[in-house]
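Undergrad: Fold the following and give me the result.
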Amino acid sequence: MKSLVKTAAFLLSANLLSAEVLSADYRQNPFTLTYEGAITKNVEGKVNIHAVSYKLNNIDIAANVYTPPRFDPSKQYPAIVVAHPNGGVKEQVAGLYAQRLSEHGYITITADAAYQGASGGEPRNIDKPANRIEDIHGMADVISTYPGVSTSQIGLLGICGGGGYSLKAAQSDKRFKSIATLSMFNSGRVRRNGYMDSALDTIQQRLTSASEAREIEAKTGEVRYVGDAKLTDEQIAALPFDLYRQGFEYYGKTHAHPNSTFRYTESSLLSLMNFDAATNMDLINQPLLMIAGSKADSLYMTKNAFELATKSEDKQLFLIEGATHIETYWKPEYVSQAMTQLSHFFDDVLK
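TA: Okay, the predicted model is just below:
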């Protein structure tokens with residue numbers, strides 16, 4: 001069980017790249033985007049991508065802003081903040097949905113989390129909920145000052161772990177007029193209880209280990225990491241959950257990016273394991289849309305949070321029939337269904 005915990009959430013590193021043909025090779029894209037249909041150059045009159053950097057709590061943040069077709073900065077546009085999955089970066093699924101939403105008329109922003117991706121922060125790959133939530137507030141700060149953005153028309157989309165953190169951010173940040181999640185992943189619950197609550201018997205053991213890791217950091221500066229596992233194809237096939245098996249495929253092969261890694265500091269577990277994305281859901285009074293695959297083994301997390309959102313008078317749960325968690329990231333027919341729901345939802349509130 002301990003080995004499963006160590007590899008939880010399909011932990012991988014950049015050197016899992018293989019010689020197989022990638023779905024969209026970041027090395028062939030000038031913006032290092034990994035998804036099919038990604039922008040390869042900025043063309044007047046079409047969706048354009050703009051690299052943006054800014055400081056958040058004295059940490060350099062790397063972000064991409066997508067502007068819609070025929071963008072005119074003298075006009076006013078609705079905007080959407082897009083939060084990426086755990087271990088993901090802005091060039092993967094977050095970029096795909098940011099681009100697609102921009103095609104639909106929105107200014108969108110997606111940024112690498114602090115301590116992760118191309119953003120700054122040391123030691124690398126700290127993964128604390130407070131940081132991830134602050135990342136979302138920070139994206140709202142930046143996009144609200146971007147030319148052409150209507151500050152009264154800002155929405156929020158969180159994907160996987162970014163979905164859980166988006167729920168927490170939106171509980172207090174009422175700049176977000178509507179909130180959507182895709183394949184929401186409750187990072188605290190999984191780090192505490194194991195995926196599908198499969199590691200309840202090792203909670204205290206893992207907390208003790210995380211406490212020791214923090215002590216070592218304080219005394220020696222040495223940082224212990226979780227998620228450095230390098231699994232063979234046979235080991236990946238033997239993993240017990242679709243999310244892990246397909247996650248290794250997505251992040252390690254078909255949509256790999258060198259800045260994407262599921263390695264995180266073990267001491268981060270001190271913050272992760274007492275966090276839960278589904279607490280205080282009654283603070284969300286904005287319209288809420290939660291999308292997940294009907295075959296996703298992570299679906300229990302979306303359903304739990306959705307049921308607890310008792311103060312949102314306009315809340316919708318949409319299941320993409322036949323889709324697993326990872327398939328909502330890239331499979332065209334599932335992305336199309338998700339985009340149909342997202343565009344209708346955001347249009348109703350933001351346009």
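Undergrad: Residue 157 belongs to a strand?
TA: Yes. Counting by DSSP: H, G, I helix; E, B strand; the rest coil, residue 157 is found in a strand.
Undergrad: For it, give me its contacts.
TA: 80, 81, 82, 83, 97, 101, 166, 179, 180, 181, 182, 342 (Cβ atoms under 8 Å, 6 or more residues apart in numbering). Any C-beta I mention is one placed from the backbone N, CA and C, and that applies to glycine too.
Undergrad: which of the residues in stretch 289-305 are buried?
TA: Of the residues in stretch 289-305, 289-293, 296-299, 301-302, 304-305 count as buried by neighbour count, 16 or more other Cβ atoms under 10 Å.
Undergrad: Now do it, average pLDDT.
TA: Stretch 289-305 comes out with an average pLDDT of 98.
Undergrad: got the end-to-end distance for it?
TA: One end of stretch 289-305 to the other measures 11 Å (Cα to Cα, to the nearest Å).
Undergrad: Now find how far off-centre it is within its chain.
TA: 15 Å (Cα atoms, centre = their mean, to the nearest Å).
Undergrad: now swap in stretch 54-74 and tell me
TA: Using Cα atoms, centre = their mean, the mean C-alpha position of stretch 54-74 is found 17 Å from that of the whole chain.
Undergrad: May I see the buried residues of it?
TA: 54, 56, 59, 61, 62, 63, 64, 65, 66, 67, 68, 71.
Undergrad: Then stretch 147-159?
TA: 149, 153, 154, 155, 156, 157, 158, 159.
Undergrad: Please work out the average pLDDT along it.
TA: Stretch 147-159 carries an average pLDDT of 98.
Undergrad: cool, and stretch 87-104?
TA: 98.
Undergrad: now do stretch 322-336
TA: Stretch 322-336 comes out at a mean pLDDT of 98.
Undergrad: Dump that stretch to PDB, restricted to CA.
TA: C-alpha atoms of stretch 322-336 as PDB (Å, rounded to 0.1, in the frame of the first residue of the first chain):
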ATOM      1  CA  GLY A 322     -18.600   7.000 -21.300                       C
ATOM      2  CA  ALA A 323     -15.700   9.300 -20.400                       C
ATOM      3  CA  THR A 324     -13.000   8.600 -17.800                       C
ATOM      4  CA  HIS A 325     -11.200  11.300 -15.800                       C
ATOM      5  CA  ILE A 326      -8.200  11.700 -18.200                       C
ATOM      6  CA  GLU A 327     -10.300  11.300 -21.400                       C
ATOM      7  CA  THR A 328     -12.000  14.600 -20.600                       C
ATOM      8  CA  TYR A 329      -8.600  16.200 -21.000                       C
ATOM      9  CA  TRP A 330      -8.000  15.400 -24.700                       C
ATOM     10  CA  LYS A 331     -10.500  13.000 -26.400                       C
ATOM     11  CA  PRO A 332     -12.200  15.200 -29.000                       C
ATOM     12  CA  GLU A 333     -15.700  14.000 -28.600                       C
ATOM     13  CA  TYR A 334     -15.600  14.500 -24.800                       C
ATOM     14  CA  VAL A 335     -13.800  17.800 -25.000                       C
ATOM     15  CA  SER A 336     -16.500  18.900 -27.500                       C
END
